[in-house]
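Chemist: Sequence first, then the predicted structure, then my questions.
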Amino acid sequence: MIRKIAITGPESTGKSVLSEQLAKHYHTCWVPEYAREYLRQINRPYEEKDLVDIAKGQLKSEGNKQEMASDYLFCDTELIVIKIWSEVKYGRCHPWISEALASHAYDLYLLCDIDLPWQFDPLREHPNDRKFLFNLYFNELKNRNLPFLIVKGIGDDRLNSVVEKIDTFIFAK
């Protein structure tokens, strides 16, 4: 059985790096954030309708990688990210995303804290709203009663702490 672990949280909190590190540590694969690939390819400013395509692409990528995974599949981003992105940017979330979110869960969510310094990236939009966004993620996970752990720390301390938390969580089940 493959255990799916979602890495979630605001922009510039180390989700991609952590996903790759965890996949390497557990000798498995990870699912990169599909939105990055999509936004680079469209060659125009994104629109609200693009978020549904991004959500579908993320789930398709996840399905493709799951076939190659061993024991764990680490997913850099998931539908809560797209839901919050949509609500913050457009004040609403497309019904397809909401419905897919309700039926697509993970064994564990890792919520990345905002303790890492902000790093500029042309695809990032909210350098001054990190605490606000973190709280949206925290409340979404809590209100949905999803199993989650908060990720903190820098460098090897961060990775070692997360590995210990994952192992404790998984073996406690």
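Modeler: Looks like it arrived, so ask away. Numbering: from 1, shown residues only.
Chemist: Grab the nearest non-local neighbour of the residue nearest the centre of the chain.
Modeler: With distances taken as CA atoms, centre = their mean, the chain has residue 77 as the residue nearest its mean C-alpha position (2.3 Å). Nearest-residue entry for residue 77: residue 33, 4.2 Å, with adjacent residues in sequence omitted and distances by CB to CB, 6 or more residues apart in numbering. The way it works is simple: take the backbone N, C-alpha and C, and place the C-beta from them, glycine included.
Chemist: any idea whether residue 13 is helix, strand or coil?
Modeler: coil (DSSP: H, G, I helix; E, B strand; the rest coil).
Chemist: Now do the contacts for it.
Modeler: 112, 113, 114, 116, 130, 134, 151 (CB atoms under 8 Å, 6 or more residues apart in numbering).
Chemist: I'd say the residue nearest to the centre of the chain and residue 8 touch.
Modeler: Yes: under the criterion of CB atoms under 8 Å, residue 77 makes contact with residue 8 at 6.9 Å.
Chemist: Find residues that contact each of those two.
Modeler: With CB under 8 Å, 6+ apart, residue 77 and residue 8 have common neighbours residue 15.
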